[in-house]
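K.L.:
sequence unknown, structure follows:
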């Protein structure tokens, strides 16, 4: 039995889930690696401007991918994870008391990245269970 090729929205969710979960891992490890940055030469990986670019990219990818898929499956569960996850990421990036405190920043960014990653995984599952019939919106 052959499997159908991956559709673009499936690839977006796979990429988004992987990237978001890697982001969460990055945020969880940040406090542990801060002291080792100079000797490891990893200062770019922990740069604040790179973090802003990554959060913006995760936001665009998540909104595009889950928005596109919502038109197909009409389930709000994945968006229910994406929205608070993105809110946590943006709060950790823009709210100074969170952004300037190492441990709270790592916690909120890890939490947000994990929620966004799970939103993409749930979206994949919702798309996999979608049945094409007369009620499809596409």
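P.N.:
All right, it came through fine. Here the structure is a predicted model, which is why all the values come from computation and not from measurement.
K.L.:
any idea of the pLDDT on residue 134?
P.N.:
Here, the pLDDT recorded for residue 134 equals 53.
K.L.:
scratch that, residue 61
P.N.:
We have a pLDDT of 87 for residue 61.
K.L.:
ok, now residue 46?
P.N.:
So, for residue 46, pLDDT stands at 56.
K.L.:
again, but for residue 2
P.N.:
Predicted confidence (pLDDT) for residue 2: 48.
K.L.:
now swap in residue 128 and tell me
P.N.:
Per-residue pLDDT puts residue 128 at 77.
K.L.:
Tell me if I'm right that residue 126 and residue 69 touch.
P.N.:
Yes. Look at residue 126 against residue 69 with CB atoms under 8 Å: they come within range, at 6.8 Å. All C-beta atoms are positioned from the backbone trio N, CA, C, and that covers glycine.
K.L.:
Pull up the overlap in contacts between those two.
P.N.:
With contacts taken as CB atoms under 8 Å, 6 or more residues apart in numbering, residue 126 and residue 69 have residue 78 as neighbours in common.
K.L.:
Compare the two (neighbour count), which wins?
P.N.:
residue 69 (24 against 19; other CB atoms under 10 Å).
K.L.:
Sticking with that one, tell me its helix or strand.
P.N.:
Secondary structure from DSSP states H and E places residue 69 in helix 48-73.
K.L.:
Which neighbouring elements make contact with that helix?
P.N.:
Counting contacts by 3 or more CB pairs under 8 Å, 6 or more residues apart in numbering; DSSP states H and E, helix 48-73 packs against helix 8-33, helix 77-94, helix 102-128.
K.L.:
how much distance is there from the helix or strand that the shortest one is followed by to the middle of the chain?
P.N.:
Once the chain leaves helix 77-94, the next helix or strand it forms, by DSSP H and E, is helix 96-99. Relative to its chain's centre, helix 96-99 lies at 20 Å (CA atoms, centre = their mean, to the nearest Å).
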